[in-house]
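> pasting the structure only:
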Ligand SMILES: Cc1cc2nc3c(=O)[nH]c(=O)nc-3n(C[C@H](O)[C@H](O)[C@H](O)COP(=O)(O)OP(=O)(O)OC[C@H]3O[C@@H](n4cnc5c(N)ncnc54)[C@H](O)[C@@H]3O)c2cc1C
């Protein structure tokens, strides 16, 4: 496996860094406080081709290879994990529509989603159905040339502003995916506020009250909702969350290298204390190991290797734990300052915990990895 970036990938990373430095880093603490990212930054993502970046060009997407997409996700995630979550959900849903939607649905929705003109979100979780996705209670029935959906979804990232939702529902007890536009009759949503991590990710709760959608809005065949359509989406989601976790871990490391090189206690810089060096070393090594696992998952995706999916599970599992560990140590190394809004490490800690819960919690990854151990490297 090649672990060196190509010159084109290096150049792309520099562009992403510049974007994050100018458009994200100075504002991320404010977005976190206000619990929203402004429309203007979403417009900027769109203008730079960062929404739909991994989608093929025929779908209006950027045709980015998996490694470059990973670098984009890492950099945006280093600046603001909430903003990174928009890329994650939008791209995972657009990819699922592109792969499983009918020709008409692709023409109608996937193209505008590929360019980011319309925003997509993923609506899987319900109040009573979390890790056990197969237990969703939202139902769909066919009435004439429409589907009628009844039920509710919770914790939907960017649900406050998305134009389309990929919804998992039960139709004659078969798990089936549907695309619900936000202006469908019977659809309503309300913001969820006050969450501790990913605070600016415009979370929403939604209700489908005999919500009517045209029959072409079914995605894939009845019964293929979880095993095919959502599986495609969640695989990309895990890949994106793995890289986003590397971004948080790197942000913690950057903050700690700077802080420990300027704070003095006991007459020396705190980075001169060996116990501090141990924490820094763990952070450096774990961040690097997480990034290498992401590279490997990306390399397998780019070479069309079917092992990419199981390698992505491993990368997501390790990287999300590495982000939490790095953020926990980062707050600690900043002492009391680490608990204030003056420094970003407290936000990193809150955001990192989300990574361990979304796209399959740590325990769900442990079950999946142990059940399908990977082959030799
Ligand atoms: C910030 C944020 C954004 C989100 N965005 C979205 C989104 O865009 N779309 C969406 O559909 N959902 C979204 N979610 C929901 C997320 O996917 C769920 O929270 C997640 O799947 C876990 O479900 P749960 O919260 O119901 O926890 P539960 O499933 O109730 O789990 C509770 C605990 O039990 C453990 N557990 C559960 N099952 C097992 C098992 N079999 N073995 C061992 N341990 C187990 C879990 O690991 C966890 O620790 C989001 C959540 C957050 C916090």
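Perfect, thanks for sending it. Predicted, not measured: the structure shown is a model, and the values here were computed from it.
> C-alpha from now on. contacts and neighbour counts both.
Will do.
> can you tell me which residues contact the residue lying farthest from the centre of the chain?
Largest separation from the mean C-alpha position in the chain: residue 267, at 43.2 Å (CA atoms, centre = their mean). Contact partners of residue 267, counting by CA atoms under 8 Å, 6 or more residues apart in numbering, are absent.
> now swap in residue 280 and tell me
253, 256-257.
> One more pass at 6 Å, please.
If you count contacts by CA atoms under 6 Å, 6 or more residues apart in numbering, residue 280 has none.
> Assign a three-state SS to it, would you?
helix (DSSP: H, G, I helix; E, B strand; the rest coil).
> tell me which helix or strand of this protein sits lowest on mean pLDDT?
helix 111-114 (a mean of 90; mean pLDDT, DSSP states H and E).
> and the gap between residue 53 and residue 291?
20 Å (CA to CA, to the nearest Å).
> Residue 310 now?
In terms of CA to CA, residue 310 sits 16 Å off from residue 291.
> higher neighbour count, the two?
For the pair residue 310 and residue 291, the greater number of neighbours falls to residue 291 (25 against 18), based on other CA atoms under 10 Å.
> From residue 248, how far off is that one?
11 Å.
> Tell me the backbone dihedrals of the nearest residue to residue 337 once chain neighbours are set aside, please.
Of all residues not flanking residue 337 in the chain, residue 343 sits nearest, at 6.8 Å (CA to CA, 6 or more residues apart in numbering). Per-residue torsions, residue 343: phi -110, psi 150 (degrees, to the nearest 10).
> All the helices of the chain, in order from the start?
Using DSSP state H, the helices found in the chain span residues 7-19, 28-34, 39-47, 66-79, 81-100, 103-105, 111-114, 231-260, 274-302, 308-333, 345-355, 362-371.
> How is this structure divided into domains?
7-114, 120-221, 226-371 (automatic domain parsing).
> Tell me if the longest one is near the ligand.
Yes. Under the criterion of CA under 6 Å from any ligand atom, domain 226-371 makes contact with the ligand via 354, 357-364.
> How about the residues of the stretch 51-200 of the chain by the ligand?
Counting by CA under 6 Å from any ligand atom, the stretch 51-200 of the chain sits next to the ligand at 122-125, 129-131, 155-157, 198.
> what two of those residues are the furthest from one another?
With CA to CA as the measure, no two of those lie farther apart than 129 and 198, at 20.9 Å.
> For the spatially closest residue to residue 198 that is not a sequence neighbour, list the residues it contacts.
Using CA to CA, 6+ apart and skipping the chain neighbours, the partner closest in space to residue 198 is residue 82 (4.8 Å). Taking CA under 6 Å, 6+ apart as the criterion, residue 82 is in contact with 198, 200-201.
> of the residues you listed, closest to residue 46?
Out of those, the member with the shortest distance to residue 46 (by CA to CA) is residue 201, at 16.7 Å.
> how close does that closest one get to residue 238?
In terms of CA to CA, residue 201 sits 17 Å off from residue 238.
> Over to residue 250?
Residue 250 is 18 Å from residue 238, by CA to CA.
> Kindly report which one of the helices of the chain carries the lowest mean pLDDT.
Comparing mean pLDDT over the helices of the chain, the weakest stretch is helix 111-114, at a mean of 90.
> and stretch 350-363, how far apart are its ends?
Start to finish, the residues bounding stretch 350-363 are 19 Å apart (CA to CA).
> how about that stretch: buried residues?
For stretch 350-363, the buried set under the neighbour-count rule, 16 or more other CA atoms under 10 Å, comprises 350-356, 358-362.
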